[in-house]
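**Q** based on what follows, work out the 3D shape:
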Amino acid sequence: MRLLLLAILGACCLTACIVAGVGNEVPERSICMSLTTQPLPVNKIKTYVIKEGSMKAVIFITKRGLKICANPQTNWVKAAINSVDSRSNTRRNRIQTNPTEAQQSTYTVGTLSQ
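**A** Numbers count the residues shown, from 1 in each chain. Below is the predicted model of the structure:
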């Protein structure tokens, strides 16, 4: 009886180890099944991701969180990417050139001479 129980326990452990590796081949959820041909308004685009693989695509992420796939070779997609990039570069430059209140010093340090 103990030998049978040990054999069943061993089979369960072996099965658990084998099943643990299954499913690693599942592709990502952000795969594009089709590409949109309709241009998106640039002011609705928050960011984008470029996907390479069997289907090359640009995944635009809107301010509402929607993911929309588009062909990276079309002119409107290239223009949208440039617009989003320039918008983020402008924002980054503005942040770097305008110091925060904590960084602005209103006091001057001087040395006292006797």
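
**Q** strands of the protein, residue ranges please.
**A** 45-51, 57-62, 67-70 (DSSP state E).

**Q** between those strands, which one is nearest to residue 83?
**A** strand 45-51 (7.8 Å; Cβ to Cβ). C-beta: built from backbone N, CA, C; applies to glycine.

**Q** in the closest one, what's buried?
**A** 45, 48, 51 (16 or more other Cβ atoms under 10 Å).

**Q** tell me what angle it forms with strand 57-62.
**A** 160 degrees (axes from the mean of the first three to the mean of the last three Cα atoms, to 10 degrees).

**Q** which residues does strand 45-51 contact?
**A** With contact meaning Cβ atoms under 8 Å, 6 or more residues apart in numbering, strand 45-51 is reached by 30-32, 56-63, 69, 72, 80-81, 83-84, 88.

**Q** tell me which strands that strand pairs with, and in which orientation.
**A** Applying DSSP bridges to the sheet, strand 45-51 is found paired with strand 57-62 (antiparallel).

**Q** and stretch 65-73, what's its mean pLDDT?
**A** Averaging pLDDT along stretch 65-73 yields 93.

**Q** using CSV, write down the CA coordinates of that stretch.
**A** The C-alpha coordinates for stretch 65-73 follow below in CSV (Å, rounded to 0.1, in the frame of the first residue of the first chain):
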residue,chain,number,x,y,z
GLY,A,65,-5.6,53.5,-22.8
LEU,A,66,-6.7,52.0,-26.1
LYS,A,67,-4.1,50.3,-28.2
ILE,A,68,-4.3,50.8,-31.9
CYS,A,69,-2.0,49.1,-34.4
ALA,A,70,-0.9,50.9,-37.6
ASN,A,71,1.5,50.4,-40.5
PRO,A,72,4.9,52.1,-39.7
GLN,A,73,5.5,52.8,-43.4
